[in-house]
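Trainee: Predicted structure and sequence below. I'll ask about it afterward.
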Amino acid sequence: MKTRDRVLHTSLALFNEEGEEQTTTLDIANEMGISPGNLYYHFRGKDEIIAELYHQYHTALATTLRAPVEQPLSAGPGNVERNWYYLYVVLEEMYQYRFLYHNLDNILQRYPDIRGQFRRLVQLKRASLDAICQTLLQQSILETGEQQLPGLVENMTLSLTFWLSYDQLLHGHRDPALTIHQGVLQLLAMIAPYLGDDQRAFYRDCEAIYASMLASGG
């Protein structure tokens, strides 16, 4: 791995575990076993590291979020299950860069260039969730009226955007699988009242799996 890539890899790990605000470029250099000057050759300060990490995150997540908008799922059995897996992937990608969400307001204040990009990412999340709900509605999987969808999508977007921050505040560091699985469950819980019996059974299965994970300690 090239030194520049190692800097990004190490920075991401430290930001996620120790917190971005608490981590200095000296901490990163020490963790890597290189001189601060060597790090400075690749990144002239932590702001450049943050900018590059955010660019990586934004590019990857935006591609994933566009999928339901550009290519909605065709009608067929198991669409709730397929969307469950999709949302799991979204939260996995978010979790890889969880430091952004653990200190979101502070980061957006200190790095204004990221603020506008992050706003566009939230808009993409909303568009993705709207596309999922519209597709489920058109396929008669969701039993609700068109007029109820905007509020439902808004609440789902809110939950998805701030789930990692909420989970960190409530549980601190815990098994990532628990964090991600419960995050998807929270999203499904919002549409569960509008599902038919067969689809609601899948939601109950997901609840049972999460309960089993908790009982076994993750």
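Mentor: Looks like it came in fine.

Trainee: Please report the residue range of the longest helix in this structure.
Mentor: helix 112-138 (DSSP state H).

Trainee: hey, where'd the helices end up in this protein?
Mentor: Counting by DSSP H, the helices of the chain are 3-18, 25-32, 36-42, 46-70, 79-96, 99-102, 104-110, 112-138, 149-171, 176-191, 197-215.

Trainee: which of those helices sits most buried?
Mentor: Most buried of these, by mean neighbour count (mean count of other Cβ atoms under 10 Å): helix 99-102, with a mean of 22. Where you see a C-beta, it was placed from the backbone N, CA and C, and this is true even at glycine.

Trainee: What helices and strands are in contact with it?
Mentor: helix 3-18, helix 149-171 (3 or more Cβ pairs under 8 Å, 6 or more residues apart in numbering; DSSP states H and E).

Trainee: how about a cut-off of 10 Å?
Mentor: Packing partners of helix 99-102 (3 or more Cβ pairs under 10 Å, 6 or more residues apart in numbering; DSSP states H and E): helix 3-18, helix 46-70, helix 79-96, helix 104-110, helix 112-138, helix 149-171.

Trainee: Kindly reformat the ones you listed as CSV containing mean pLDDT and distance to residue 28.
Mentor: Formatted as CSV, the helices and strands packed on helix 99-102 follow (pLDDT from 0 to 100; distance: least, Cβ to Cβ, whole Å):
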stretch, mean pLDDT, distance to residue 28
helix 3-18, 96, 5
helix 46-70, 95, 8
helix 79-96, 91, 18
helix 104-110, 92, 17
helix 112-138, 93, 19
helix 149-171, 95, 22
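
Trainee: export those helices to TSV and tack on distance to residue 197?
Mentor: As requested, the helices and strands packed on helix 99-102 are arranged in TSV below (distance: least, Cβ to Cβ, whole Å):
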stretch	distance to residue 197
helix 3-18	41
helix 46-70	25
helix 79-96	12
helix 104-110	39
helix 112-138	15
helix 149-171	20
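
Trainee: So which of these is nearest residue 188?
Mentor: helix 79-96 (6.6 Å; Cβ to Cβ).

Trainee: Could I get the contacting residues of the nearest residue to residue 68 once chain neighbours are set aside?
Mentor: Closest residue to residue 68 apart from its sequence neighbours, by Cβ to Cβ, 6 or more residues apart in numbering: residue 131 at 4.2 Å. By Cβ atoms under 10 Å, 6 or more residues apart in numbering, the residues touching residue 131 are 65-73, 153.

Trainee: any idea how far residue 131 lies from residue 118?
Mentor: Residue 131 sits 20 Å away from residue 118, taking Cβ to Cβ, to the nearest Å as the criterion.
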